[in-house]
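*Asks:* generate a structure from the sequence data that follows.
(one chain, ligands or ions: 1)
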Amino acid sequence: MQYDIIIVGAGPGGIFSAYELSKENPRLKIALFEAGHALEKRHCPIDGEKVKSCIGCRSCSIMSGFGGAGAFSDGKYNITNDFGGTLHEFIGKKQAIDLMEYVDTINMEYGGEGTKKYSTAGTRFKKICMQNKLKLLDASVRHLGTDINFVVLENLYAELKEKVEFYFDTPVDSISLTEGGYEVHCKEETYTCEKCIVSVGRSGSKWMEKICGELEIPTKSNRVDIGVRVELPAVIFSHLTDELYESKIVYRTEKFEDNVRTFCMNPYGIVVNENTNGIVTVNGHSFESPEKRTENTNFALLVAKHFSEPFKDSNGYGESIARLSNMLGGGVIVQRFGDLVRGRRSNATRIAEGMVTPTLAATPGDLSLVLPKRILDGIMEMIYALDKIAPGTANDDTLLYGVEVKFYNMEVELDENLESRHKGLYIIGDGSGVTHSLSHASASGVYVARRILEKS
Ligand SMILES: Cc1cc2nc3c(=O)[nH]c(=O)nc-3n(C[C@H](O)[C@H](O)[C@H](O)COP(=O)(O)OP(=O)(O)OC[C@H]3O[C@@H](n4cnc5c(N)ncnc54)[C@H](O)[C@@H]3O)c2cc1C
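*Replies:* Model prediction:
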């Protein structure tokens, strides 16, 4: 079967490139291949009762399917060049922000209207953070919430399915070059196209590595972020979250001069498992609807690890640490901060007696047996620093879930069009290593669609 354009991966990157292409040129014949299920079939079996932890489904509904890794996410669209990716390095700061704003207007049109947009501009917290050796990063953030994010995806799919041929549960095995374009090989069929947009996200990182090897596209990889997810009573952070929703705060540790940062803050939210290539790590999200709120807020504290020569496998390093927690806890480990400070493991009784009711059923244990000292020291230092701007953060009952790993896809060599060394083969979203967030990934999709439209 012959298409003008084949898109691989139906995450935000793939969806927004399909959206822009089909809107601007309805005559284009577009196919979208997705390894996971259609949106309505995506369902994680963990219910906290019969299925308490990850059972390793063949296609992980949290990470794969229409909507990509973002489908059950908190739907926080951060509009900023300060974090979430390096798209601006390829396309310029203004264009990157304009595209993120454009994505926001589409999200509003397709069901997000009425959701709140927060901003750090002019906030008094900048000064308070600075006075306590913390840096608050600039951003405005649209919080769709897991529920509205899902509605937006449903509406986008309803429109796109009329214009784009979707192939769900159809992982692409390989891509090869032809004279006029590309062949996309799936298990039973081969499809051809003139142009191919690859947007396979984090779950497709190993596959991306393989494809880059086969097509001789240069890559590099040297970063992984490792840490824990902190869960505490929402009131402790409410002065920050009520005004900013998400505050991205960076702390430079005294001991090692490492940067530790808050990441993915979920006011009144829940902590969840995440399965990446069979390794169970932790993440979190929250809901826009007040009925679904919990009494807790959660956020990650991550330490960035950059490696230098000769070590190249930064993701392998992160995986090994996550595997250690899976080995000791059968999945994610949870520990009270007070137990960590006292050098003892947490147990079910001490957690049940504590003031924070865990929102994820994890195994009580000892994170000091899992995390390297340098990383653990950095996290503890930051908890004490945060305690100064949000007193109570360093309470004994604060829960730490480990490990949270932010794998960075290797960076694929791309030009200013996000085009690989093979003309017509574009690599976008988290799978390219250029983006690490919903808004950057979506913006990269729109950007590439416009480049293709300009050329056709
Ligand atoms: C629980 C959770 C919460 C998150 N919360 C937020 C948040 O609030 N804000 C934020 O900015 N970011 C958040 N993120 C990150 C965000 O979801 C990603 O940055 C974003 O989804 C990246 O988009 P993408 O299109 O590049 O890739 P993805 O969303 O990962 O989509 C890639 C798609 O490609 C498919 N695929 C992979 N390999 C193949 C193949 N060989 N053939 C066919 N299909 C393939 C996958 O199944 C997947 O559906 C969260 C992530 C998770 C897991």
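*Asks:* from here on, just use CA atoms for contacts and neighbour counts.
*Replies:* OK.
*Asks:* ok, now how distant is the residue nearest the centre of the chain from E159?
*Replies:* Note on the chain: the residue nearest the mean C-alpha position is S437, at 5.5 Å, using C-alpha atoms, centre = their mean. Distance, S437 to E159, by C-alpha to C-alpha, to the nearest Å: 24 Å.
*Asks:* which residues in the stretch 151-300 of the chain form helices?
*Replies:* In the stretch 151-300 of the chain, the helices defined using DSSP state H, counting those that start in this stretch lie at 205-214, 234-244.
*Asks:* residues in contact with the last one?
*Replies:* Pointing back at helix 234-244 there. By C-alpha atoms under 8 Å, 6 or more residues apart in numbering, the surrounding residues in contact with helix 234-244 are 118-120, 125, 246-247, 267-268, 295-297, 390-393.
*Asks:* just the shortest one next, same as before
*Replies:* For helix 205-214, the surrounding residues in contact (C-alpha under 8 Å, 6+ apart) are 174-175, 200, 218-219, 409-410, 412, 431.
*Asks:* what's the spacing between it and its chain's center?
*Replies:* Put simply, helix 205-214 sits 20 Å off its chain's centre (C-alpha atoms, centre = their mean, to the nearest Å).
*Asks:* for it, which residues meet the burial criterion?
*Replies:* Buried residues in helix 205-214, counting neighbours by 16 or more other C-alpha atoms under 10 Å, are found at 205, 207-209, 211-212.
*Asks:* gap between the residue of the chain positioned farthest from its centre and the ligand?
*Replies:* What lies farthest from the middle of the chain is E179; by C-alpha atoms, centre = their mean that is 36.1 Å. Using C-alpha to the nearest ligand atom, to the nearest Å, E179 is found at 23 Å from the ligand.
*Asks:* how about that residue, phi and psi?
*Replies:* Taking degrees, to the nearest 10, you get phi -70, psi -50 for the backbone angles of E179.
*Asks:* name the nearest of the contacts of helix 234-244 relative to the ligand.
*Replies:* Of all those, E246 has the smallest distance to the ligand: 9.6 Å, by C-alpha to the nearest ligand atom.
*Asks:* look up phi and psi at that closest one.
*Replies:* phi -120, psi 130.
*Asks:* contacts only, for it.
*Replies:* By C-alpha under 8 Å, 6+ apart, the residues touching E246 are 141, 240, 264-266.
*Asks:* export the residues you listed to TSV and tack on neighbour count and distance to L134?
*Replies:* Putting those into TSV (neighbours: other C-alpha atoms under 10 Å; distance: C-alpha to C-alpha, whole Å) gives the following:
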residue	neighbour count	distance to L134
V141	23	20
L240	17	14
C264	19	17
M265	26	16
N266	26	20
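*Asks:* give me the subset of these that also touch the ligand.
*Replies:* Among the contacts of E246, proximity to the ligand is found for none (C-alpha under 6 Å from any ligand atom).
*Asks:* how about the stretch 201-350 of the chain: which residue is closest to the ligand?
*Replies:* G201 (3.2 Å).
*Asks:* wait, that residue touches G429, no?
*Replies:* Yes. Look at G201 against G429 with C-alpha atoms under 8 Å: they come within range, at 6.2 Å.
*Asks:* before we move on, back to that, residue contacts, the residue nearest to the centre of the chain?
*Replies:* For S437, the contact set (C-alpha under 8 Å, 6+ apart) comprises 77-78, 84-85, 430.
*Asks:* could these go into TSV alongside distance to the ligand, secondary structure and pLDDT?
*Replies:* Formatted as TSV, the contacts of S437 follow (distance: C-alpha to the nearest ligand atom, whole Å; DSSP: H, G, I helix; E, B strand; the rest coil; pLDDT from 0 to 100):
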residue	distance to the ligand	secondary structure	pLDDT
Y77	5	strand	94
N78	6	strand	93
G84	7	coil	92
G85	9	strand	94
D430	4	helix	95
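*Asks:* which of those residues has the most neighbours?
*Replies:* Neighbour counts for these (other C-alpha atoms under 10 Å) peak at D430, which has 31 neighbours.
*Asks:* might you report the residue contacts of it?
*Replies:* 199-202, 408-409, 436-437, 441.
*Asks:* again, only this time at 6 Å
*Replies:* 201, 436 (C-alpha atoms under 6 Å, 6 or more residues apart in numbering).
*Asks:* from the contacts of helix 205-214, list just the buried residues.
*Replies:* Buried by 16+ other C-alpha under 10 Å: 174-175, 200, 219, 409-410, 412, 431, out of the contacts of helix 205-214.
*Asks:* reformat these as CSV; add pLDDT.
*Replies:* Shown next, in CSV, are the buried ones among the contacts of helix 205-214 (pLDDT from 0 to 100):
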residue, pLDDT
S174, 98
I175, 98
V200, 97
T219, 90
N409, 83
M410, 88
V412, 96
G431, 95
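*Asks:* quick check, nearest of these to the ligand?
*Replies:* V200 (3.5 Å).
*Asks:* pretty sure that closest one sits against G9.
*Replies:* Yes. With contacts counted by C-alpha atoms under 6 Å, V200 reaches G9, the gap being 4.8 Å.
*Asks:* can you tell me the closest non-neighbouring residue to L386?
*Replies:* Nearest residue to L386, sequence neighbours excluded (C-alpha to C-alpha, 6 or more residues apart in numbering): T393, at 6.5 Å.
*Asks:* I meant to write A300 there.
*Replies:* Spatially, and ignoring its direct neighbours in sequence, A300 is nearest to R229 (4.1 Å; C-alpha to C-alpha, 6+ apart).
*Asks:* do a quick rundown of the strands in the stretch 351-456 of the chain.
*Replies:* Counting by DSSP state E, counting those that start in this stretch, one finds strands in the stretch 351-456 of the chain at the ranges 363-364, 399-407, 411-412, 425-427.
*Asks:* just these: most buried one?
*Replies:* When the strands of the stretch 351-456 of the chain are scored by mean count of other C-alpha atoms under 10 Å, the highest mean neighbour count falls to strand 399-407 (a mean of 28).
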